[in-house]
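1. everything below, folded, please.
(one chain, ligands or ions: 4)
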Amino acid sequence: PSVGVVGIPFSKGQPRGGTEHGPALLRDYGIVERIQDLGNKVTDYGDLTLDAVEDDKPWNKVKNPRTVGQANRKVSECVSKITRDRQIALTLGGDHSIAIGSIHGHAQSCPDLVVVWIDAHADLNTPLSSDSGNIHGMPLSFIVKEMAPYTARLPGFEWCQPCISARDLIYIGLRDVDEAERAYMTECGIASYSMQEVDKYGLPDMMERVLKTVDPTGKRPIHLSFDVDAMDPEYSPSTGTPVHGGLTRREMYYIAEEIAGTGRLSCLDVVEVNPSLGTEADRKKTVRTTVDVVSHFFGKRREG
Ligand SMILES: N[C@](CCCC[B-](O)(O)O)(CCN1CCC(O)CC1)C(=O)O
Ligand SMILES: [Mn+2]
Ligand SMILES: [Mn+2]
Ligand SMILES: [Mn+2]
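-> Ligands and ions are numbered 1, 2, ... in the order given. Okay, the predicted model is just below:
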């Protein structure tokens, strides 16, 4: 298959500087070559140029709304172009707010996509419910149609229309969900396989259930949004919001191999690597694990 890689050096969806260096670090550790070596045809579109918006005052508590909105408009245009050319889009973040643009852009060319969101967090706060005001905790509230009654239109997001239904979204790895997010998930009927279900069913059964729930006909393009904090901090310490009790490296390999096995992966976001956090050893461990996991999304199989 052919893959289009784009770097999204962005950090304004959250307060910890450093995620803007994620794309460069992932490239330094050979993410493009690893995918090429697996027989994929890879086009590297380089990094987007993302500027801060002057005088970008908070909206209530929400930080950098115009800067985040403007950046995501560019992400949407880029991902729309890559997926329109029938390439699998690989977006290298950057914080998780970039998923607003990547899902929006992907939906322009693949309106029947489903979203598998692998994360310790639900990222389903709205500009009104968020206690942090960090947009990386809100991306899905801009994207899920059923969230419209609970959210607010932010300056800088005039271009952004919700583009998926709640039934087209499913979570894997949740273990730190805010009260409001839990309520929205129940209200909107969003399916989720938290770490409790991972333990309850075991990965093989769980992955079967995940794919049957969100794509029963087994025909729809998959948008996989991978927040590296879904993994246990033992494997990915250099990330902004680490939470104990996460997925192991082996569990991520299995999930990635199952998704790759569908042959329907159509966009993969890899977000929240923050090289500025932790020790040099932490940074190395985080990026090496992430590159390894990504190789399993693009054809690496332990069975050979
Ligand atoms: N739900 C959080 C974390 C979002 C993480 C975003 B990511 O993309 O990394 O998945 C946490 C909100 N809040 C933080 C302080 C706690 O005491 C209560 C929860 C938020 O900021 O909205
Ligand atoms: Mn997270
Ligand atoms: Mn996230
Ligand atoms: Mn995170």
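2. make it CA atoms for all contacts and neighbour counts henceforth
-> Will do.
3. for ligand 1, see how far away the residue in the stretch 1-150 of the chain that ligand 3 sits nearest to is.
-> In the stretch 1-150 of the chain, the residue that lies nearest ligand 3 is residue 96 (5.0 Å; CA to the ion). From residue 96 across to ligand 1, the span is 4 Å (CA to the nearest ligand atom, to the nearest Å).
4. so which helix or strand takes in residue 67?
-> Secondary structure from DSSP states H and E places residue 67 in helix 65-84.
5. which strands border the helix or strand following that helix, and is each parallel or antiparallel?
-> The helix or strand immediately downstream of helix 65-84 is strand 88-92, counting by DSSP H and E. Paired neighbours of strand 88-92 in the sheet (DSSP bridges): strand 2-7 (parallel), strand 265-271 (parallel).
6. can you put those strands in a markdown table and add mean neighbour count and mean pLDDT?
-> As requested, the strands paired with strand 88-92 are arranged in a markdown table below (neighbours: other CA atoms under 10 Å; pLDDT from 0 to 100):
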| stretch | mean neighbour count | mean pLDDT |
| --- | --- | --- |
| strand 2-7 | 22 | 98 |
| strand 265-271 | 25 | 99 |
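7. coming back round to it: how about the nearest residue in space to the residue of the stretch 1-150 of the chain closest to ligand 3 that is not next to it in sequence, secondary structure?
-> Nearest residue to residue 96 in three dimensions, chain neighbours excluded: residue 136, at 4.8 Å (CA to CA, 6 or more residues apart in numbering). Classification of residue 136 by DSSP: H, G, I helix; E, B strand; the rest coil places it in helix.
8. and the gap between residue 136 and residue 257?
-> Applying CA to CA, to the nearest Å, the value for residue 136 to residue 257 is 27 Å.
9. compare those two (neighbour count), which wins?
-> Set residue 136 next to residue 257 and count neighbours by other CA atoms under 10 Å: residue 136 wins out with 25 against 21.
10. ok, residue 140 - how many residues close by?
-> So residue 140, with other CA under 10 Å, has 26 neighbours.
11. what's the answer for residue 199, then?
-> Neighbours of residue 199 (other CA under 10 Å): 11.
12. what comes into contact with whichever strand or helix holds it?
-> Residue 199 is part of helix 195-201 when elements are defined by DSSP H and E. Residues from elsewhere that reach helix 195-201 (CA atoms under 8 Å, 6 or more residues apart in numbering): 172-175, 206, 245-247.
13. in the following helix or strand past that helix, what counts as buried?
-> Later in the chain than helix 195-201, the nearest helix or strand by DSSP H and E is helix 203-214. Along helix 203-214, these residues count as buried under the neighbour rule (16 or more other CA atoms under 10 Å): 203, 206-207, 210-211, 213-214.
14. okay, the residues you listed in JSON lines with distance to ligand 2 next?
-> Converted to JSON lines, the buried residues of helix 203-214 look like this (distance: CA to the ion, whole Å):
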{"residue": "203", "distance to ligand 2": "20"}
{"residue": "206", "distance to ligand 2": "20"}
{"residue": "207", "distance to ligand 2": "20"}
{"residue": "210", "distance to ligand 2": "19"}
{"residue": "211", "distance to ligand 2": "21"}
{"residue": "213", "distance to ligand 2": "22"}
{"residue": "214", "distance to ligand 2": "21"}
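15. tell me the one of those residues nearest residue 278?
-> residue 203 (29.7 Å; CA to CA).
16. any idea how far that closest one is from residue 260?
-> Counting by CA to CA - residue 203 and residue 260 are separated by 15 Å.
17. what do you get for residue 135?
-> The value you get for residue 135 to residue 260, if CA to CA is used, is 29 Å.
18. which one of the two is surrounded by more residues?
-> Using other CA under 10 Å, the more surrounded residue of residue 135 and residue 260 is residue 135, with 30 against 20.
19. so what's the more buried one closest to, chain neighbours aside?
-> Among residues not flanking residue 135 along the chain, residue 13 sits closest, at 4.6 Å (CA to CA, 6+ apart).
20. verify the contact between the one you found and residue 139 for me.
-> No - applying CA atoms under 8 Å as the test, residue 13 and residue 139 come out as separate, 9.3 Å apart.
21. find the residues that touch each one of the two.
-> 96-97.
22. mind listing what's buried in stretch 114-126?
-> For stretch 114-126, the neighbour count (16+ other CA under 10 Å) marks 114-126 as buried.
23. since that was my last question, I'll sign off now.
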